[in-house]
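> Okay, here's the prediction I keep looking at, along with the sequence it came from:
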Amino acid sequence: SYQKVLEENRKLYNQVQDLKGNIRVYCRVRPFLPGQQNGLSTVDHIDDENITITTPSKYGKEGKKLFTFNKVFGPSATQAKVFADTQPLIRSVLDGFNVCIFAYGQTGSGKTHTMTGPSDLTKETLGVNYRALSDLFLISEQRRDVISYDISVQMVEIYNEQVRDLLTPDGVNKKVEIRNSSQKGFNVPDANLVPVTSTSDVMNLMNLGHKNRAVSATAMNDRSSRSHSCLTVHVQGRNMTSGAILRGSMHLVDLAGSERVDKSEAVGDRLKEATHINKSLSALGDVISSLAQKNSHVPYRNSKLTQLLQDSLGGQAKTLMFVHISPELNAVGETLSTLKFAERVSTVELGTARVNKESSDVKELKEQIAGLKAALARKE
Ligand code: ADP
Ligand code: MG
């Protein structure tokens, strides 16, 4: 049956994923917004790992496609649920791992909602960033007698291939450079590094960061969707008995909107921004996909974003990509291109089953399973 085939598909997918190492891809589907017509959705959320996208004929080639992820969060998934499935990764920072968490998707698909939360923030709607830090405080407190932790944060944005400090008290987003030192690896030594000891420290800093981002936004409308913002958490732990030091860092990245800009219409600044965004998102895709394929050459140097994150992508580092999609029919083109990106950064061999007719579902899935088996055989 369809269910059984899906089941087998998932098992194989997970095996392939494990062989791939440390790259996880989670998909989050935004609900329809209040006031939006609660119309037809292009997304059918099948289960915790599978979705199908239906393309109505009006929006291109009619058809249905299946996509598989490490996890799928449907429109009703809460912030708490999303965080619960991210927590183990976050905690590994305290054991000295480097972690990168990305939010990818077109503007309006829910990236900032996942990472920060909505603008009318409540305890329930707090995003991953805040929950991550408060969890790190909690665990470091529990380990207090064994390891003493220092936690500090930086917050920068990358706009038009320039890195700017967002934690400047005077609101001037100072341009900073990425440096590489043998001791500290890739970092931005000139961006403010602020020690934090409580969740209220974190709240204050995030507010400052957002305010500084908003300052630039008046000069350039809605800049936040056209720049990457990166909250970096540096953790240093000292073993109370041996004195041994361990270091871990975590980058929480709210990426620029991935929507394609019509080159024939964009001019001037808008075209320049679009070009930079395209370049850096595809550089990120190239880096992650070459890591997923365990290529010997990883092209970190092609963008500021991948340079900044170089030490936290690959090697022992752990990467999680949240891909966000919108449910609306008129977003289906962007949704498919987002999912294509997701596919590229997860498993190249996986492919997607193209399901055009209900009756061919099982046949197509079986073909996909055969493909996965072949991929698995190649890996072993
Ligand atoms: P992006 O950062 O990708 O441009 P936003 O996070 O700003 O998108 O989301 C656009 C709007 O949709 C916001 O009003 C946000 O609060 C809302 N939204 C996004 N995801 C969800 C969700 N999972 N549940 C409820 N509202 C959401
Ligand atoms: Mg946003």
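Now that the structure is in, tell me what you want to look at. Numbering: from 1, shown residues only. Ligands and ions are numbered 1, 2, ... in the order given.

> Who are the contact partners of Thr116?
127, 129-130, 206, 210, 254 (CB atoms under 8 Å, 6 or more residues apart in numbering). Bear in mind the C-beta positions are built from the backbone N, C-alpha and C, glycine included.

> Need the pLDDT of it.
With respect to pLDDT, Thr116 scores 94.

> And it, its phi and psi?
phi -110, psi -40 (degrees, to the nearest 10).

> Could you list the low-confidence segments of the stretch 151-300 of the chain?
In the prediction, the stretch 151-300 of the chain carries residues with pLDDT under 70 at positions 171, 214-221, 263-264.

> Let me see the ranges of the helices in it.
Ranges of helices in the stretch 151-300 of the chain, per DSSP state H, counting those that start in this stretch, are 199-219, 268-292.

> what's the closest of those to ligand 1?
helix 199-219 (12.1 Å; CB to the nearest ligand atom).

> export the contacts of Thr116 to JSON lines and tack on distance to ligand 2 and neighbour count?
Shown next, in JSON lines, are the contacts of Thr116 (distance: CB to the ion, whole Å; neighbours: other CB atoms under 10 Å):
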{"residue": "Gly127", "distance to ligand 2": "11", "neighbour count": "23"}
{"residue": "Asn129", "distance to ligand 2": "12", "neighbour count": "25"}
{"residue": "Tyr130", "distance to ligand 2": "15", "neighbour count": "22"}
{"residue": "Met206", "distance to ligand 2": "14", "neighbour count": "22"}
{"residue": "His210", "distance to ligand 2": "11", "neighbour count": "18"}
{"residue": "Asp254", "distance to ligand 2": "6", "neighbour count": "26"}
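
> related to what we said a few turns ago, just the helices of the stretch 151-300 of the chain: most buried one?
helix 268-292 (a mean of 18; mean count of other CB atoms under 10 Å).

> residues in contact with the helix or strand just after that one?
Using DSSP states H and E, the helix or strand that follows helix 268-292 towards the C-terminus is helix 304-308. Helix 304-308 is contacted by residues 156, 158, 161-163, 178, 186, 188, 228, 230, 251, 253, 280, 283-284, 287, 299-301, 313 when judged by CB under 8 Å, 6+ apart.

> quick one on the thing from earlier: tell me which of the contacts of Thr116 is nearest to Tyr104?
Asp254 (9.5 Å; CB to CB).

> Contacts only, for the closest one.
103, 111-112, 115-116, 224, 228-230.

> likewise Gln87?
Asp135.

> now the one 4 residues further on
Contacts for Arg91 were tallied using CB under 8 Å, 6+ apart; they are 135-136, 139.

> Could you rerun that using 7 Å?
Arg91 makes contacts with 135, 139, as judged by CB atoms under 7 Å, 6 or more residues apart in numbering.

> Past the helix or strand where it lies, which element shows up next along the chain?
Taking DSSP H and E as the definition, Arg91 sits inside helix 87-91. The helix or strand immediately downstream of helix 87-91 is strand 98-104, counting by DSSP H and E.

> just checking, what packs against the next helix or strand after that next one?
Using DSSP H and E, the next helix or strand after strand 98-104 towards the C-terminus is helix 111-115. Here helix 111-115 touches strand 98-104, helix 128-142, strand 245-254, strand 318-325, going by 3 or more CB pairs under 7 Å, 6 or more residues apart in numbering; DSSP states H and E.

> what comes into contact with helix 111-115?
So helix 111-115 is in contact with 28, 82, 103, 105, 127-129, 252, 254-255, 322, 324, going by CB under 7 Å, 6+ apart.

> Centre of this structure to the edge, which residue is at the far end?
Thr241 (37.1 Å; CA atoms, centre = their mean).

> Number of residues surrounding the closest residue to that residue other than its chain neighbours?
Spatially, and ignoring its direct neighbours in sequence, Thr241 is nearest to Val146 (7.9 Å; CB to CB, 6 or more residues apart in numbering). Counted with other CB atoms under 10 Å, the neighbours of Val146 add up to 10.

> what does the one 3 residues further on give?
Neighbouring residues of Tyr149 were enumerated by other CB under 10 Å; the total is 20.

> Roughly how far does it sit from Ser198?
13 Å (CB to CB, to the nearest Å).

> Then Leu89?
23 Å.

> more neighbours, the two?
Each of Leu89 and Ser198 has its neighbours counted (other CB under 10 Å); Leu89 has more, 19 against 11.

> Next one: the residue of the chain found nearest ligand 2 from Met206, what distance?
Shortest the chain-to-ligand 2 distance, computed as CB to the ion: residue-wise this is Thr112, at 3.2 Å. As for Thr112, its distance to Met206 is 12 Å (criterion: CB to CB).

> got the helices and strands packed on helix 111-115 as a markdown table, with distance to Phe69 columns?
Converted to a markdown table, the helices and strands packed on helix 111-115 look like this (distance: least, CB to CB, whole Å):
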| stretch | distance to Phe69 |
| --- | --- |
| strand 98-104 | 12 |
| helix 128-142 | 17 |
| strand 245-254 | 19 |
| strand 318-325 | 8 |
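
> Tabulate these (JSON lines), appending distance to ligand 1.
Formatted as JSON lines, the helices and strands packed on helix 111-115 follow (distance: least, CB to the nearest ligand atom, whole Å):
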{"stretch": "strand 98-104", "distance to ligand 1": "7"}
{"stretch": "helix 128-142", "distance to ligand 1": "12"}
{"stretch": "strand 245-254", "distance to ligand 1": "7"}
{"stretch": "strand 318-325", "distance to ligand 1": "6"}
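
> what's the closest of these to Gly74?
Of the helices and strands packed on helix 111-115, nearest to Gly74 by CB to CB is strand 318-325, at 11.0 Å.
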